[in-house]
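Enquirer: with the sequence up front, the predicted model follows.
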2 protein chains.
Amino acid sequence: MTNSINRRAQRREETREKILTAAVRVFAELGFEAASMGSIANRAGLKKALVQYHFETKLNLWQEAVNFLWEELHSLENRLPRLAEVSTRDEEREILRQVFRAIIDFARSHPDWVGIMFREASTPGPRLDWLVENHLKKDIEEGSAFIALAQSHGLLPQGSPLHILNIISGALTYPLLVSPLTKRAAGISMASEESLDATVDILLNMLKP
Amino acid sequence: MTNSINRRAQRREETREKILTAAVRVFAELGFEAASMGSIANRAGLKKALVQYHFETKLNLWQEAVNFLWEELHSLENRLPRLAEVSTRDEEREILRQVFRAIIDFARSHPDWVGIMFREASTPGPRLDWLVENHLKKDIEEGSAFIALAQSHGLLPQGSPLHILNIISGALTYPLLVSPLTKRAAGISMASEESLDATVDILLNMLKP
DNA sequence: CGTTTCACTATGCGATCGTATTGTCAAATT
DNA sequence: AATTTGACAATACGATCGCATAGTGAAACG
């Protein structure tokens, strides 16, 4: 262990991040099976053998890419809990709107996360098992707890928090997921600022008309 | 053109249907790129070359499989319009419940349709274009018209029918789509009869609490 | 009954898949 | 300065991909 600036380790980390960034994108766009080591390497502007060198197997690359993605996100995710703390205030409705906006903004600004989620969550298998064990179990528990908290403040109707979490997630995420379809079929961009506002408005109106 | 029972044409149609049935399943499970002619042939218990013989190219097989799937469905789809006609009656809430149940039952009993929809609707490209032009454009128009009708009867809040269609579709479909995840993470089967009832109940409570 | 049609099979093409092996050359170590 | 390490590249492996071509044999035809 000589000293300070290890040019090798630095370069290693740089290319690893390049690869992981590309991997997250390709996995989200194409899904695990359709994504190839070669296409990921091309996306990163590197050689296929180099990807294999840094992340031995394709499954391992997928896992490390998912970890990389989750790390990126957890630093920005602290918006929801903070809102829960303030929820003793009066204007609960405005709080709910902010929560919805936070969810929908998160989904829009992280299409990779949405893509990987939808692809893996809908197919049983070892990858879903791994994803649940390492990330989603905790995320779902936190989400359910937040729903329960909102219920105790009278912000949401009674019922299984898990079901409500799914319903709200679906109502807010689905429009974004199928936005290519909506754009093609009706010419309307679901990811536009106006459409997001409209979606949140409608959902809020549904909740307390 | 000799007479009646053409054993050849009959057998041809049989194997074509076998292939299409298998193709729908595999395309829904894996998506277009990851699904292979070989795996589809295996699923159907036939030889790969036979699939290639009946449906020249993979894209063509996909299109015919989608047509095959839509034909299956349109015979069962007539439930929603009928409900709209009766919606001049009083118990509008019960009608809305039935509509929600119809949508959610449809999604549960046709996972292939849900799978193909989610996979293709989220990725721009020639397949989505084809899908919109040949099936979805009409479906979306009908869905939006139905939402507008429900709005005119005071069953749904005001706002863009397309947005509301997306929100409701997401709220009802998402829980089923990610049911493998929910099952794994919380041990709860979202596709069970109780869960479906609970989901509809909650969404109804959201609409008019 | 002889001939044609056609559902189906066998085989192989070039490309690409994930993976493994070996080589190269500059950076790090002694 | 000599040696070892390690990031990266070149190349090849068998398997499988979508697709094409040449058969085979029974059903349909005149």
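Expert: Okay, I see it.

Enquirer: anything in the helix or strand harbouring residue A:162 near chain B?
Expert: Using DSSP states H and E, residue A:162 sits in helix A:161-177. Yes: Helix A:161-177 lies within reach of chain B by C-beta under 8 Å from any C-beta of the partner chain, at A:162-164, A:166-175, A:177. From N, CA and C alone the C-beta is placed, and that goes for glycine too.

Enquirer: centre of the chain to that helix, how far?
Expert: 13 Å (C-alpha atoms, centre = their mean, to the nearest Å).

Enquirer: would the helix or strand that it is followed by count as contacting chain B?
Expert: Remark: after helix A:161-177, the chain's next helix or strand is helix A:179-186, criterion DSSP H and E. Yes: against chain B, helix A:179-186 shows contacts by C-beta under 8 Å from any C-beta at A:180, A:181, A:182, A:183, A:184, A:185, A:186.

Enquirer: what do you get for stretch A:110-119?
Expert: Yes: for stretch A:110-119, a contact with chain B is found by C-beta under 8 Å from any C-beta, at A:115, A:117, A:118.

Enquirer: then that stretch to CSV, C-alphas only?
Expert: Provided in CSV are the C-alpha atoms of stretch A:110-119 (Å, rounded to 0.1, in the frame of the first residue of the first chain):
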residue,chain,number,x,y,z
HIS,A,110,-36.0,7.5,-12.8
PRO,A,111,-37.4,5.6,-15.7
ASP,A,112,-34.6,3.0,-15.3
TRP,A,113,-36.0,2.2,-11.8
VAL,A,114,-39.5,2.0,-13.2
GLY,A,115,-38.4,-0.2,-16.1
ILE,A,116,-36.5,-2.7,-14.0
MET,A,117,-39.3,-2.8,-11.3
PHE,A,118,-42.0,-3.6,-13.8
ARG,A,119,-40.0,-6.2,-15.6
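
Enquirer: do the helix or strand harbouring residue A:53 and DNA strand C meet?
Expert: Using DSSP H and E, residue A:53 sits in helix A:48-54. Yes: residues of helix A:48-54 are located near DNA strand C by C-beta under 7 Å from any atom of the strand, namely A:48, A:49, A:52.

Enquirer: give me the pLDDT value at the second one.
Expert: Translated: residue A:49. As predicted, residue A:49 sits at a pLDDT of 97.

Enquirer: quick revisit: packing partners of the helix holding residue A:53?
Expert: Counting by 3 or more C-beta pairs under 8 Å, 6 or more residues apart in numbering or on different chains; DSSP states H and E, the packing neighbours recorded for helix A:48-54 are helix A:7-30, helix A:37-44.

Enquirer: circling back: return only those of the residues of helix A:48-54 next to DNA strand C found close to DNA strand D.
Expert: Okay, of these touching DNA strand D (C-beta under 7 Å from any atom of the strand), that's A:48, A:49.

Enquirer: and of the residues of helix A:48-54 next to DNA strand C, the nearest to residue B:133?
Expert: Closest to residue B:133 out of the residues of helix A:48-54 next to DNA strand C is residue A:48 (36.9 Å), distances taken as C-beta to C-beta.
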